[in-house]
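**Student:** coordinates for the following, if possible.
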Amino acid sequence: MKSTKLHEFHFVITQSMRIYLEELDVFKGLHSISHIVVRILLLLLPVIKREHDWGKQHYSRYRYVSPDPKEKRVHAHASLPEDLYRKLKLIHQDLNFFSMAQIVRFFLEVFLLLVEKHKDAILRALESMYKQWRKEARVNRLTLSQYIRQLKIIVQHLPAGKRIINIYDGHFAPFWRFRL
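**Tutor:** Numbers count the residues shown, from 1 in each chain. A predicted model of the protein is given here:
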C-alpha cells in the first residue's frame, strides 16, 4: 500500500467548535481532532472544489476566529494528506484568503451548518447533493472544440510580454507551461 505524505497543519478554533466536533455522532470512534478535521475535509472535497471554482474573492481580509472576544480559543493540529493540503493552498492563493486556517475554519463551519440542518442524515444529504452536481457537470460539460475556442479567446486577450499558460495535473501541480 502506498503511503501518502502528510502535512502537519496547525490552526486555532473556538473551544465550543472543538467540543462540537468531538461530540459529532457522524464520526463515532474518532476521538482525535486531527482525524475528525481530515475526515470532514475529505468528505467535503466536492464542496472545496466548487468553492475554488466559483468562490468569491476574499481580499486577504482578516476574519476573527470568533466574533465574541471572550470565547476561548484552542490550538488544533491536523495531519492533512498532501493532495488536500495543496488544494487548500491553491484556494488560499486564488481566492486571496488571509490565512489557510480561515479556509479550514470556513469549511468546518459549513459542515457544522449542514449537520444542524440534516442531523443524522448528513451523509445521505451530501451524497445526494454531490450526485446532483455530477449530473449538472455532465449536462454542461464543454466539448473539445468548445474548449479550444474558449482557449483561443483567452489567448487573444492576454497582455503582451509574458504570455504564459499553465496546465495542471490531477494533483494541482504544474504539468505543462506554454510560453506564447
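
**Student:** would you mind listing where this protein has pLDDT under the threshold?
**Tutor:** 1-3, 162, 171-172, 180 (pLDDT under 70).

**Student:** who are the contact partners of the residue nearest the centre of it?
**Tutor:** By Cα atoms, centre = their mean, the chain has its centre lying nearest to I48, at 3.1 Å. I48 makes contact with L41, K87, L88, I91, F107, according to Cβ atoms under 8 Å, 6 or more residues apart in numbering. For glycine as for every other residue, the C-beta is placed from the backbone atoms N, C-alpha and C.

**Student:** can you give me the helices in this protein?
**Tutor:** 15-22, 33-43, 45-54, 82-94, 100-118, 122-139, 144-156 (DSSP state H).

**Student:** same for the last one, what does it pack against?
**Tutor:** Counting by 3 or more Cβ pairs under 8 Å, 6 or more residues apart in numbering; DSSP states H and E, the packing neighbours recorded for helix 144-156 are strand 164-168.

**Student:** sheet-wise, list the partners of the strand it packs on with their directions.
**Tutor:** strand 174-179 (antiparallel) (DSSP bridges).

**Student:** just the CA trace of the partner strand, in CSV.
**Tutor:** The C-alpha trace of strand 174-179 is given here as CSV (Å, rounded to 0.1, in the frame of the first residue of the first chain):
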residue,chain,number,x,y,z
PRO,A,174,2.1,22.4,-12.9
PHE,A,175,2.2,19.8,-15.6
TRP,A,176,2.9,21.9,-18.7
ARG,A,177,3.8,25.5,-19.4
PHE,A,178,3.2,27.2,-22.7
ARG,A,179,5.0,30.5,-23.4
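
**Student:** find the nearest non-adjacent residue to Y62, please.
**Tutor:** Once flanking residues are discounted, Y62 sits nearest to F98: 4.9 Å by Cβ to Cβ, 6 or more residues apart in numbering.

**Student:** got the contact list for the one you found?
**Tutor:** With Cβ under 8 Å, 6+ apart, F98 has these contacts: H58, S60, R61, Y62, R63.

**Student:** list phi and psi for the third one.
**Tutor:** Here is the backbone geometry of R61 (degrees, to the nearest 10): phi -80, psi 140.

**Student:** burial of G55, as a residue count?
**Tutor:** If you count neighbours by other Cβ atoms under 10 Å, G55 ends up with 15.

**Student:** understood, closing this out.
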